[in-house]
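[1] Give me coordinates for this.
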Amino acid sequence: MIRRLLLVLAVLVAAWLVACAFLFVWPHTDTPPVHADAVVVLAGGLDRRLDPALALVRSGVAPVLAISSPNRGRWPKARALCTGKVKTVRFHVRCFTPNPYSTQGEARAVARLARAFGWSRVVVVTSTFHVTRARMLVRRCYHGQLWMVGSSWPWWKLPEEWASETGKLAVQLTAQRGC
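    So this is what the prediction gives:
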């Protein structure tokens, strides 16, 4: 009986690891377009998310960089961009605080900003482990063209993020299905 239980447990763990590989390690990410209306960087990744978003805007992909929650946590580069302390930017910076402070709140904010500023082509930058769920949530609220770009994350933090994302994804797929 214990052997059978251990076998079932091993199969479940193996299936979860395979699902994590597809959903969080190698999710479907997009090659950014030549032109978009805005690049949006989601909060939570400090400079690991901001730097790739900045690179996209500086390369001319979009004339606008939208930064979510620049005042939460340690994100001095984002705060400097949002307060205008960086004088060398050649693009517009729009900073927003989602309500609620969550990926779902950010998805709603992206949709509101897109309506307010006429954005129909948006690139969203987030951590690679977050791409699957973020894409699903932004898609529920924003109906223009969307590209998702993943940024790297320290490998030693990934198992914790996979566990967290698994739970959050389960909630979004069952209990919280709307925008």
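
[2] Below-threshold pLDDT in the chain: ranges please.
    Along the chain, segments meeting pLDDT under 70 span 45-46.

[3] Could you pull up phi and psi at the most centrally placed residue in the chain?
    Centroid-nearest residue in the chain: Thr126, 3.1 Å away (criterion: C-alpha atoms, centre = their mean). Thr126 adopts backbone torsions of phi -150, psi 180, taken as degrees, to the nearest 10.

[4] Next, the contact list for the closest residue to it other than its chain neighbours, please.
    Excluding its sequence neighbours, the residue lying closest to Thr126 (C-beta to C-beta, 6 or more residues apart in numbering) is Leu42, at 4.4 Å. Glycine gets a C-beta too; all of them are placed from N, C-alpha and C. Leu42 makes contact with Arg49, Ser68, Thr103, Glu106, Val124, Val125, Thr126, His130, Ala134 under the criterion C-beta atoms under 8 Å, 6 or more residues apart in numbering.

[5] Number of residues surrounding the third one?
    Read that as Thr103. 22 (other C-beta atoms under 10 Å).

[6] That one reaches Thr132, doesn't it?
    No: counting by C-beta atoms under 8 Å, Thr103 sits too far from Thr132 to count as a contact (11.0 Å).

[7] could you pull out the helices for this protein?
    2-20, 47-58, 76-82, 103-117, 131-141, 158-174 (DSSP state H).

[8] Among those, which comes closest to Ser152?
    helix 47-58 (6.4 Å; C-beta to C-beta).

[9] what's that closest one in contact with?
    32, 39-43, 62-65, 67, 75, 77-78, 90-91, 123, 125-127, 149, 151-153.

[10] try 7 Å
    32, 39, 41-42, 62, 65, 77-78, 91, 123, 125-127, 149, 151-153 (C-beta atoms under 7 Å, 6 or more residues apart in numbering).

[11] And stretch 161-179, by the same measure?
    Contacts for stretch 161-179 (C-beta under 7 Å, 6+ apart): 20, 24, 104, 107-108, 129-130, 132-133, 136-137, 140-141, 153.

[12] still on that earlier bit, so what's the residue nearest to the centre of the chain bridging to?
    Gly150 (DSSP bridges).

[13] From the contacts of stretch 161-179, list the buried ones, please.
    20, 24, 104, 107-108, 129-130, 132-133, 137, 140-141, 153 (16 or more other C-beta atoms under 10 Å).
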